[in-house]
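> Structure for the following, please:
(chains A and B)
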Number of protein chains: 2
Amino acid sequence: MPITGDQTLLKQLNRMAIVRCVRQRAGQSRADLAKETGLTKSTVSLLVQELIDEGWLQENAIQITGALGRRPTPLVVDPSRLAMVGAELGVDFIHVVGVSLVGEIISYSKEPVVGVDPKTVLGRLGAMLIQEVAIVRDAGRKVLGIGVGLPGAMDEAAGLLKVAPNLGWRRVDVASVLRAALADAGLSALPLWMQNEADVAALGEFEFGDAPVRDPLVYLSLGIGVGAGIVVNDRLFSGAAGFAGEVGHSILQVAGPRCSCGREGCAEAFIGLRAVAQQAAQQGEEGPSVAALADRIAHAEPQAVSAAARAGHYLGVLMQNLWTTFDPGRFVLGGPTCELGAPMLDAARETLSRYARDAGVPMPEVRLSRYGSRAVAAGAAAMVLHKIVRPLQKTA
Amino acid sequence: MPITGDQTLLKQLNRMAIVRCVRQRAGQSRADLAKETGLTKSTVSLLVQELIDEGWLQENAIQITGALGRRPTPLVVDPSRLAMVGAELGVDFIHVVGVSLVGEIISYSKEPVVGVDPKTVLGRLGAMLIQEVAIVRDAGRKVLGIGVGLPGAMDEAAGLLKVAPNLGWRRVDVASVLRAALADAGLSALPLWMQNEADVAALGEFEFGDAPVRDPLVYLSLGIGVGAGIVVNDRLFSGAAGFAGEVGHSILQVAGPRCSCGREGCAEAFIGLRAVAQQAAQQGEEGPSVAALADRIAHAEPQAVSAAARAGHYLGVLMQNLWTTFDPGRFVLGGPTCELGAPMLDAARETLSRYARDAGVPMPEVRLSRYGSRAVAAGAAAMVLHKIVRPLQKTA
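Numbers count the residues shown, from 1 in each chain, chains lettered A, B, ... in the order given. The predicted structure is shown next:
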C-alpha cells in the first residue's frame, strides 16, 4: 500500500533512515547522508540536529588533515546517552541488562527463578525490569524501550506466550502482566517487545555482531532446548504461527532416540543438554550440570569429552542441514552448551567441514555469540533498537 | 530509505497497489479501493480507468439486487487481454506456456532437448519463447513479460546460471543469450526474469494456488533433483548466494547412502528419482523411467510399490524437518515423482502425520501443485506478474 501523507510518520521514517545510514557506516557527513537518503541537505541538517539533541548521534571531533580546508563534520552513533533494557526469562534464572546504542552491556543482573507459577515469575521479572530502568536512568541515560526473550513460541502482536514446554506454560499473556507492572511504576510510556529467546539472540548478533553481517543469519540456541533464530531480508523469520526455527525437532536419524517432544531421532535428542548429560553420566549418576561437565572436560575425563564430541558431531549435521536449507551468510552459536568448549565445537566444525569437502563447496562462516551467556538478554535489548529504527516494518 | 519524488514510480506503485487489492479480493468498487489504498477517490478513478484501458481490470456487470438504488460497479481482474509467457528449461525437455492474469494456461508447447551445449539449448529455448509470444499475440493478448525456470542456482540480478549439476553447466550467462535472441526478433522491450525451477514453481502456487495461500509457502520440487522454493514475507527466499532451498542435500540419515553431491545420507539419495528407480529395478535392469514405474505401480507390482512407498516415507521425514524449520502455512508438492501417485504420497502423509501425532500437534496442510508437470513453466509466467505488481521489491 502506498504511504499516505502522515507527516509525523514520514518524519520518523526519515529520521530513522538517517540513523540506519550512520549505523551502517560511521563518519558520514550531512552531505553524505543527503546523497544516501535522497533528502535535501536542509532537511538532513534539521533532522541530524534533532537526533544529536536527543542522544542518537554525535559529531566526531573534526580531524586536522594535511588536505586543504575544513573537512565536513563526521557523524557517529552516540554511545553514551541512550540505552535499551533487555531481559531473558530462562527456565531457572532471569537475566536483565542495559545495553548502549553501540551494543555495550552497561549494567547487568541475574537472579535464580524460584517456582514456575507465571504470576510469581513475571512479578519478579517486572520488578527486575523496573529496577534496571532506574539504574540506567541514574547513570544519566534515556531508556528507549524494553525487550524480553522467552523460552517458547510467541504470538508477538498479542504479547502472548503460546507454549513454553520447559517452563510448563501454555497461553500466558506476558504482555498484560508486564505492562501492568510497568504502569504501576509510572513506566507505561516505555515501549515493550517480546519474542522467543533464539529470535532475540539472533537480533542481538544481527544488530551488534562483531563483524558486518550477511543476511540470512542463523543463530543456534544450544541448551536444554535447541532452536534457531533466523534473520532473513532484514527481519526475523517466525513462520505462519510463530513456530519457525524449531530445528531441535528436525530429524537427524530416522527411528533414533526418543525426544522430549515425543518424536524419535530429533536433533535435540542428540544435542540437547539432557542428552549430553545422559551420555556423560557415570554409573548411577543423575545427569551432571553444564558446569560439572565443563570441569570434567577441563580435566580430560574421557566419557565427558566423548559425550561433548558426540553432541558436536550431531550439531555439525544440523548445521549442514540448515546450511543447505538457508544458505546463511553466517552461523552464530550461543547458549550454555557452548561452555563445553573445544571438544564439542571442534567436532561440530569438523563434521560440517567434512560435508563441505564431500560436496566440494566452501564451508559457511561459524562464530560464537558475541555475548556468551548473556546472548538472549542482550538480544532482547537489541530487539528494541531493531524495531525503533524500522518504523514501518510489520511483525513477520 | 525514503521514497523520493519520482512521480512515474509513485504512479506505478499506486496502480499496482490497486491491482494487488483487486487480485486479493475481487468485486471491490472504486470507493472500496480508495479506502483500502488511502488514495483519493478521484485518483483511484483515474488509475482504474487506465488499468481498464490497458487490460488489467474489467467492470463486472452491475448486479440487479433487491436492495434500493444502484450498487457501485464491482471490479475484477480481466482474464482475457493480458498474458505472461513462461518456460521451463528441464534436463531433457523445454516447456513453454502462455498464462492469463488469473493463472489459466492459454497455450502450451513441449520439445525434447537434444544435446547439452548451452548455445544450442538456449538457442532452441529462445526460438520457442519467440514463437509463444507470437501465439499469444495472435490470440489478441498483450504479453507483459517472459519468465524462465532453470534447473540450478541463479544469480538473479546478473541473469547468470551459477551451476546446474544435472545439465553439467557452470556460470552460463543465460540472460545475455536470451536477450540477444529476443532483440533479434524485435522483442527487446519485453521484460525477462530468470530463477531456479523450484523457486518459480513456488511463485506459481503463491500467485495462482487454488486456495488462498498462507505465508510461508514451501514448494517441494520432486524429480531427479529434490529442492524447495520458499516464499516468506511475500518474497522468494534465496539465501546469501542463491543456494537456499537445496533441501535435497539435507541429511536424513547419518552415514546413509552416498548422494550424487558427494555427501552421505542426503534426502535426494532416498527420494530422488534415481534412488527410487534403483530400488524398483529388476535384476539386471537399468533404472526404469517415471512412466514405466507409474505403469508398474498401476499394475500393483510389489517391488515398484514398495520403492515408491520407501521414497514417500523419507519425503515425510523431509517435510517434518521443513515443517519444524519453517512453520509453513502450506506445503505444495510438484515435479515428475508425484506421478508415482498414491503409494508415494500416502506414505509421505502417513509419516508426517505420525510425527505430528507423536508430538501432539496438528499436521500442516499438504497439497499437490495446481499445474502438475507444468508447474515450473506456469510458475515462470507467474513470476512475471509477481515482479510487475511489486515495483519496489528488491531481489531477495
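> Pull the contacting residues for the most centrally placed residue in chain A.
Nearest to the geometric centre of chain A sits A:Ala201, at 1.6 Å (Cα atoms, centre = their mean). For A:Ala201, the contact set (Cβ atoms under 8 Å, 6 or more residues apart in numbering or on different chains) comprises A:149, A:219, A:221, A:229, A:332, A:334-335, A:369, A:371, A:375-376, A:378-379. Every C-beta, even on glycine, is put in place using the N, C-alpha and C of the backbone.
> Mind doing that once more with 10 Å?
By Cβ atoms under 10 Å, 6 or more residues apart in numbering or on different chains, the contact set of A:Ala201 is A:88, A:149, A:195, A:219-221, A:227-229, A:332, A:334-335, A:369, A:371, A:374-380, A:382-383.
> Could you report the distance from it to A:Gly223?
11 Å (Cβ to Cβ, to the nearest Å).
> Quickly list what's touching both of those two.
Common contact partners of A:Ala201 and A:Gly223 (Cβ under 10 Å, 6+ apart): A:Gly334, A:Gly335, A:Val376.
> Tell me the backbone dihedrals of the second one, please.
Same thing as A:Gly335. Main-chain torsions, A:Gly335, degrees, to the nearest 10: phi 100, psi 170.
> That one and A:Ser373 touch, don't they?
Yes. If you go by Cβ atoms under 10 Å, A:Gly335 and A:Ser373 touch, sitting 8.2 Å apart.
> Between these two, tell me which one has more neighbours.
A:Gly335 (25 against 18; other Cβ atoms under 10 Å in any protein chain shown).
> so who does that one touch?
Residues near A:Gly335 by Cβ under 10 Å, 6+ apart: A:197-198, A:201, A:219-227, A:273, A:290, A:369, A:372-373, A:375-376.
> Which members of the residues you listed are classed as buried?
By neighbour count, with 16 or more other Cβ atoms under 10 Å in any protein chain shown, those hold A:197-198, A:201, A:219-227, A:273, A:290, A:369, A:373, A:375-376 as buried.
> Of the residues you listed, which belong to helices?
Using DSSP state H, the members of the buried ones among the contacts of A:Gly335 that fall in helices are A:Glu197, A:Ala198, A:Ala201, A:Leu273, A:Val290, A:Ala375, A:Val376.
> bridging residues for A:Glu88?
Beta-bridge partners of A:Glu88, counted by DSSP bridges, are A:His95, A:Gly149.
> So what's the residue count around it?
Number of residues near A:Glu88 (other Cβ under 10 Å) recorded here: 27.
> Okay, it and chain B: tell me how far apart.
Taking Cβ to the nearest Cβ, to the nearest Å as the measure, A:Glu88 falls 22 Å from chain B.
> So A:Val97, which state does it fall into?
Secondary structure assignment for A:Val97 (DSSP: H, G, I helix; E, B strand; the rest coil): strand.
> what do you get for A:Val133?
A:Val133 is classified as helix under three-state DSSP.
> I'd assumed A:Ile146 was in contact with it.
Yes. If you go by Cβ under 10 Å, A:Val133 and A:Ile146 touch, sitting 7.4 Å apart.
> Counting neighbours, go ahead and name the busier of these two.
A:Ile146 (26 against 21).
> Just to be sure, that one is in a strand?
Yes. A:Ile146: assigned to a strand according to three-state DSSP.
> Is it in contact with A:Ile388, as I believe?
No. Using Cβ under 10 Å, A:Ile146 is not in contact with A:Ile388, being 11.8 Å away.
> Find residues that contact each of these two.
Taking Cβ under 10 Å, 6+ apart as the contact criterion, the common neighbours of A:Ile146 and A:Ile388 are A:Met84, A:Pro191, A:Trp193.
> and the first one, that one's in a strand?
Spelled out, that is A:Met84. Yes. According to three-state DSSP, the state of A:Met84 is that of a strand.
> what's the spacing between it and A:Ala381?
4 Å.
> same deal with the last one?
Plainly put, A:Trp193 is 10 Å away from A:Ala381 if you go by Cβ to Cβ.
> and if you look at the second one?
Taken as Cβ to Cβ, the spacing of A:Pro191 relative to A:Ala381 amounts to 12 Å.
> what's the answer for A:Gln24, then?
20 Å.
> what's the answer for A:Ala185, then?
Going from A:Ala185 to A:Ala381 by Cβ to Cβ gives 19 Å.
> The two: which has the busier surroundings?
Legend: neighbour count by other Cβ under 10 Å for A:Ala185 and A:Ala381, higher for A:Ala381 (36 against 15).
> ok, and the closest non-adjacent residue to that one?
Among residues not flanking A:Ala381 along the chain, A:Gly86 sits closest, at 2.9 Å (Cβ to Cβ, 6 or more residues apart in numbering or on different chains).
> where does that neighbour land on pLDDT?
Looking at A:Gly86, its pLDDT reads 98.
> How about A:Leu368?
pLDDT at A:Leu368 comes out at 95.
> partners of it in the sheet?
A:Leu333.
> Kindly report the same for A:Leu192.
A:Ile146.
> Count residues in the vicinity of it, would you?
Neighbours of A:Leu192 (other Cβ under 10 Å): 19.
> ok, now the one 4 residues further on?
Per other Cβ under 10 Å, the neighbour tally for A:Asn196 reads 30.
> Could you find the closest non-adjacent residue to it?
Excluding the flanking residues, the one nearest A:Asn196 by Cβ to Cβ, 6+ apart is A:Met154, at 5.4 Å.
> what touches both of A:Gly335 and A:Ser373?
Residues touching both A:Gly335 and A:Ser373 (Cβ under 10 Å, 6+ apart): A:Val290.
> List of residues touching the strand or helix carrying A:Arg179?
Per DSSP states H and E, A:Arg179 falls inside helix A:174-184. The contact list for helix A:174-184 (Cβ under 10 Å, 6+ apart) reads A:87, A:89, A:118-119, A:121-123, A:125-127, A:129-130, A:133, A:146, A:148, A:150, A:152, A:154-161, A:164, A:173, A:187-190, A:192-194.
> change it to 8 Å
A:118-119, A:122-123, A:125-127, A:129-130, A:146, A:148, A:150, A:158-161, A:188, A:190, A:192, A:194.
> Can you list which of these are found in strands?
Applying DSSP state E to those, the entries found in strands are A:Ile146, A:Val148, A:Leu150, A:Leu160, A:Leu161, A:Leu192, A:Met194.
> Go through these and give me the one with the most neighbours.
Of the ones in strands among the contacts of helix A:174-184, A:Val148 is surrounded by the most neighbours, 33 neighbours in total, counting by other Cβ under 10 Å.
> Hmm, it is touching A:Gly90, no?
No. Judged on Cβ atoms under 8 Å, A:Val148 makes no contact with A:Gly90 at a distance of 11.4 Å.
> With adjacent residues omitted, what lies nearest to the closest residue to chain B within the stretch 251-396 of chain A?
Using Cβ to the nearest Cβ, the closest approach of the stretch 251-396 of chain A to chain B is made by A:Asp327 at 2.6 Å. With sequence-adjacent residues excluded and distances taken as Cβ to Cβ, 6+ apart, A:Asp327 is closest to B:Gly239, at 2.6 Å.
> got the contact list for that neighbour?
Residues near B:Gly239 by Cβ under 8 Å, 6+ apart: A:Pro216, A:Phe326, A:Asp327, A:Pro328, B:Gly245.
> Would you enumerate the residues in contact with A:Pro79?
The neighbours of A:Pro79, taking Cβ under 8 Å, 6+ apart as the test, are A:Ser100, A:Leu101, A:Val102, A:Glu104.
> of those residues, closest to chain B?
In terms of Cβ to the nearest Cβ, no member of these lies closer to chain B than A:Leu101, at 20.6 Å.
> wait, doesn't the closest one sit right on A:Val77?
Yes. In this structure, A:Leu101 is within contact of A:Val77 by Cβ under 8 Å, at 5.2 Å.
> tell me, what's touching the two both at once?
A:Trp56.
> Longest helix in chain A, please.
For chain A, the helix with the greatest residue count under DSSP H is helix A:302-326.
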